[in-house]
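A.B. asks: Quick one: sequence and predicted model below, then my questions.
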Amino acid sequence: MSFIDVLLIFIYALLLFGSGALILSFRPAYDRYRKYFWRGLVLKLMGGLGYALIYTFYYTYGGDTFSYFKDGVAMNNLMLTDFSVYWDYVFGDLAYIDVGQYNSNRGIIHQKGTAEFFVTRFTSIFTILGMQNFYTTTLLFAFFSFIGVWLMFLVFVRRYPEIEKKMAFAVLFIPSVFFWGSGLMKDSITIGFLGVLLYFLDKIKRKEGYRLINIIAVVIAAYIIFKVKAYILMSFLPAMILWYFMEYRERIKNRLIRVVSLPFFLVLTTVGISVSIVQLGKINEDYAVESFFKKARGIQTWHYKDGENTSDQYGRGSSYTLGSYEETYTGLIMMFPASVNVTLFRPYITEAENVMMMFSALESLILMLATIYIFIGLGFFKTIKLLTQDSFLMMCFIFAIFFAFAVGFTSYNFGALVRYKIPCIPFFVASLLILEYKSKKQKRLKYQRRSLE
């Protein structure tokens, strides 16, 4: 890191704080949450800078973050020599572009049609704004990602204003989320656009309704998430459908009809999800169930193979295994508990083999203890009752669990998992805190009624 790097970091940090102040000025109604905005932004920028420094000085093999940056710079250089081709690269239809020719001439690493190349197109815009500096480009990524996460926080705090501090912690202040979700990587893009998606879906459900701007925002956010990490959208889909159905169910005034309608909504949701997955597999075979097993097997083999491929070289020194399984629906279901457990509660302290893994293990331990404390305190039936009484809460919990299964089953590496799992962590932690809040609220109301009798 040179003096110029330090100077640019300082200048860009000031510019981003100024941009943050400008954003806040547009919505004075959120003044009461201003302190969370600034604290969250500071942590996000620190997380982005820390991420860049970690990959500069600790993970000496570089990683994907450098390949994205180099490709972004290569595409910027292409812009200087042939702007029309650069425009086609970023915004055009890749089917009509001979990317191979420019790959060989311009040094672009990732191949067209891949999620990595889509990220490269995205990165090229930020490398221009960041003056082709790795650290400033990372700060821009962190800032952009923060805007999406901030929108996510606004959704949570609007629904549960009584516990705004807890919602701020769940969405903005969890260390692994603001650190690993702030670098020049896919994860920063996806968690940012997940926040945008949630925010505008929530607006559609409220008084703003089906305004064109809301629909366009939802379509763009869903498209980008799908192109970068399709499984995030596929995990969110069942939770979103259930959220919408349950919301309409809550509007039914007749208690009997409302109770009877729950199984109907669950069956309808299951059928809808099944049909969507089948149709998605027909549209693109990469997202068929058979391809899911194939990709999972490929990633698992890369990260773990009984003593092989487990060195620190290329980040494979923190591999894990969930044991053998059958590539059937039954086998998949059997792996569900172990997959969710590894995402939310591992690595255990005894599995931490380096400093970075120890931080992850401590966070996982705290999350495990909090989960045990809340679930044991509530009990199984009360937990189910509270979930079914709040459609948004159920959506958060269902998404967190489904997503935890997907990444836990396919990652097979704690170093990768700590990044892959960040979209579900705010939803799961928020679910725990909301359950605790609702339980205490019910006890308080019950006590007040008894006092009046």
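C.D. replies: Yep, that arrived.
A.B. asks: give me the low-pLDDT residue ranges for the stretch 51-200 of the chain?
C.D. replies: Within the stretch 51-200 of the chain, the ranges that satisfy pLDDT under 70 run 60-62, 92-107.
A.B. asks: Hmm, residue 126 and residue 90 touching each other?
C.D. replies: No - when contacts are counted by CB atoms under 8 Å, residue 90 is not listed as touching residue 126 (11.5 Å). C-beta here means a position set from N, CA and C on the backbone, and glycine is covered the same way.
A.B. asks: okay, the two: which has more neighbours?
C.D. replies: residue 126 (20 against 15; other CB atoms under 10 Å).
A.B. asks: Can you tell me how far that one is from residue 74?
C.D. replies: Applying CB to CB, to the nearest Å, the value for residue 126 to residue 74 is 14 Å.
A.B. asks: Could you do residue 397 as well?
C.D. replies: 43 Å.
A.B. asks: following whichever strand or helix holds residue 331, which helix or strand comes up?
C.D. replies: Per DSSP states H and E, residue 331 falls inside helix 329-334. Proceeding N to C from helix 329-334, the next assigned helix or strand is helix 336-345, under DSSP H and E.
A.B. asks: Show me what that following helix is packed up against.
C.D. replies: For helix 336-345, the packing partners by 3 or more CB pairs under 8 Å, 6 or more residues apart in numbering; DSSP states H and E come out as helix 355-378, helix 391-411.
A.B. asks: closest one to residue 188 among the ones you listed?
C.D. replies: Among the helices and strands packed on helix 336-345, helix 391-411 comes nearest to residue 188, with 16.2 Å by CB to CB.
A.B. asks: then that closest one to CSV, C-alphas only?
C.D. replies: Extracted in CSV, the C-alpha atoms of helix 391-411 (Å, rounded to 0.1, in the frame of the first residue of the first chain):
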residue,chain,number,x,y,z
SER,A,391,-46.3,-13.6,8.2
PHE,A,392,-43.2,-11.4,8.0
LEU,A,393,-41.6,-13.3,10.9
MET,A,394,-42.4,-16.6,9.2
MET,A,395,-40.9,-15.4,5.9
CYS,A,396,-37.6,-14.4,7.7
PHE,A,397,-37.3,-17.7,9.5
ILE,A,398,-38.2,-19.9,6.4
PHE,A,399,-35.8,-18.0,4.2
ALA,A,400,-33.0,-18.3,6.8
ILE,A,401,-33.5,-22.0,7.2
PHE,A,402,-33.8,-22.9,3.5
PHE,A,403,-30.8,-20.7,2.6
ALA,A,404,-28.7,-22.2,5.5
PHE,A,405,-29.4,-25.6,4.1
ALA,A,406,-28.5,-24.7,0.5
VAL,A,407,-25.1,-23.1,1.4
GLY,A,408,-24.2,-25.6,4.1
PHE,A,409,-24.8,-28.5,1.8
THR,A,410,-22.7,-27.2,-1.0
SER,A,411,-19.9,-25.2,0.5
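A.B. asks: Against which helices or strands is the next helix or strand after that helix packed?
C.D. replies: Under the assignment DSSP H and E, the closest C-terminal helix or strand after helix 391-411 is helix 414-420. On a contact count with 3+ CB pairs under 8 Å, 6+ apart, helix 414-420 meets helix 175-180, helix 355-378, helix 391-411.
A.B. asks: Any stretches of the stretch 251-400 of the chain with poor pLDDT?
C.D. replies: Applying pLDDT under 70 to the stretch 251-400 of the chain picks out residues 269-270, 272-317, 325, 327, 329.
A.B. asks: what do you get if the cut-off is 50, keeping everything else the same?
C.D. replies: Across the stretch 251-400 of the chain, the ranges flagged by pLDDT under 50 are 305-307, 309-315.
A.B. asks: Which of the residues in the helix holding residue 331 are classified as buried?
C.D. replies: By 16 or more other CB atoms under 10 Å, the buried positions in helix 329-334 come out as residue 332.
A.B. asks: and if you look at stretch 22-38?
C.D. replies: Per 16+ other CB under 10 Å, stretch 22-38 contains these buried residues: 24, 30, 33, 36-37.
A.B. asks: List of residues touching stretch 189-201?
C.D. replies: For stretch 189-201, the surrounding residues in contact (CB atoms under 8 Å, 6 or more residues apart in numbering) are 119, 122, 141, 144-155, 177, 181, 214, 217-218, 220-222, 224-225, 228-229, 232, 236, 240, 422-423.
A.B. asks: If any of those residues are buried, give me the ChimeraX selection for them.
C.D. replies: A single ChimeraX command selects the buried members of those (16+ other CB under 10 Å):
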select :119,122,141,144,145,146,147,148,149,150,151,152,153,154,155,177,181,214,217,218,221,222,224,225,228,229,232,236,240,422,423
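A.B. asks: In helices, which of the contacts of stretch 189-201 appear?
C.D. replies: Within the contacts of stretch 189-201, residues falling in helices by DSSP state H are 119, 122, 141, 144-155, 177, 214, 217-218, 220-222, 224-225, 228, 232, 236, 240.
A.B. asks: does residue 132 count as helix, strand or coil?
C.D. replies: Secondary structure, DSSP: H, G, I helix; E, B strand; the rest coil: residue 132 is coil.
A.B. asks: mind checking the SS state of the nearest residue to it once chain neighbours are set aside?
C.D. replies: Nearest residue to residue 132, sequence neighbours excluded (CB to CB, 6 or more residues apart in numbering): residue 73, at 5.1 Å. Following three-state DSSP, residue 73 is assigned to helix.
A.B. asks: Perfect, that will be all.
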